[in-house]
Structures are given as C-alpha cells and as structure tokens.
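Asks: Below: sequence and its predicted model.
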Amino acid sequence: MAQRLVRVICENCKKRVHYSAEVLKESGLDPAEWMQVPFYEGPGCLECSGSGYRGRSAITELLDLSDRIREMIINRRPTSEIKRVAKEEGMTFLRDSGMGKIRAGVTTLREINKVTFLD
C-alpha cells in the first residue's frame, strides 16, 4: 500500500479555473477528455491564511498480490511489466486516485502533479 496526503481546496474561496490544452498535455492528460472536466483552485482568503487550501485528504494505491503478480516478483520481472499486469487486474494507482479527487473538486491539478509522477 502507498499513500500521499494532498491539500484540500478551501471551500470558502474555491473558484472554477480553466486550464489550456498545453497545461493538460504537460500534466499527461488528454485534452479531448479533460477539457470538459471542471477544475478548481483557491486563490486564498482569511479562512485559509491565503494558501487556497484547508486540510488534507489521502490518495492511495494497493497492490493485491495475486498468484500471477507474486510469480512475476519471484521471477524478477521488470517493474513496468508488473505494473501493466496489476492495472489489468484492476489496481488503482496513486495518480488515478488523485485524478478522482480532481474530478470530485477536492484538490487541484497542481497538487496532484506535485505528489505523483507521470507514467
């Protein structure tokens, strides 16, 4: 299991923002899919001491050691291959969990980019 804490957007100053296709591409997102998703940020207020965030939320991933994955580890298969099989078996990675928090309006794209890596 792996987890990271991401900052939660301040509800008092939360505002919808628009990212350009370039920013979405740089973040590893398909603009055709993500241009319709509402993004939010907090510009800062007295409630959040000007940070735009208030509180934290966890993003998580859990690798279920199936027989197939266990055998791949024992046979010292490449990490990329193990990740591919884990995804096929339904694993949700940290970045995917973070994208869910973005879609729910909980945190920002910048925050997820800061705490996760692009594949």
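Replies: Ah, there it is. Numbering: from 1, shown residues only.

Asks: Show the model's pLDDT score for residue 64.
Replies: At residue 64, the pLDDT value in this model is 89.

Asks: That one: neighbouring residues, count only.
Replies: Residues near residue 64, counting by other Cβ atoms under 10 Å, number 9. (Glycine included, C-beta is placed from N, CA and C.)

Asks: Check whether it really touches residue 92, as I assumed.
Replies: No - applying Cβ atoms under 8 Å as the test, residue 64 and residue 92 come out as separate, 10.7 Å apart.

Asks: name the element the residue nearest the centre of the chain belongs to?
Replies: By Cα atoms, centre = their mean, the chain has its centre lying nearest to residue 98, at 2.2 Å. Using DSSP states H and E, residue 98 maps to helix 94-103.

Asks: residue boundaries of the strands in this protein?
Replies: For the chain, strands defined by DSSP state E occupy the ranges 2-9, 15-17, 39-41, 53-61.

Asks: about what we covered before: which helices and strands does the helix holding residue 98 pack with?
Replies: Helices and strands touching helix 94-103, by 3 or more Cβ pairs under 8 Å, 6 or more residues apart in numbering; DSSP states H and E, are strand 2-9, strand 53-61, helix 109-115.

Asks: Go ahead and name everything in contact with the last one.
Replies: Outside of helix 109-115, the residues that reach it under the criterion Cβ atoms under 8 Å, 6 or more residues apart in numbering are 4-7, 19, 23, 27, 39, 41, 53, 59, 94-95, 98-99, 101-102.

Asks: Now it: buried residues?
Replies: Across helix 109-115, burial judged by 16 or more other Cβ atoms under 10 Å covers 109, 111, 112, 113, 115.

Asks: With residue 101 as the reference, measure out to residue 53.
Replies: Residue 53 sits 13 Å away from residue 101, going by Cβ to Cβ, to the nearest Å.

Asks: give me phi/psi at the residue of the chain most remote from its centre?
Replies: Most distant residue from the mean C-alpha position of the chain: residue 75, 30.3 Å away (Cα atoms, centre = their mean). The phi/psi pair for residue 75 (degrees, to the nearest 10) reads phi -80, psi 10.
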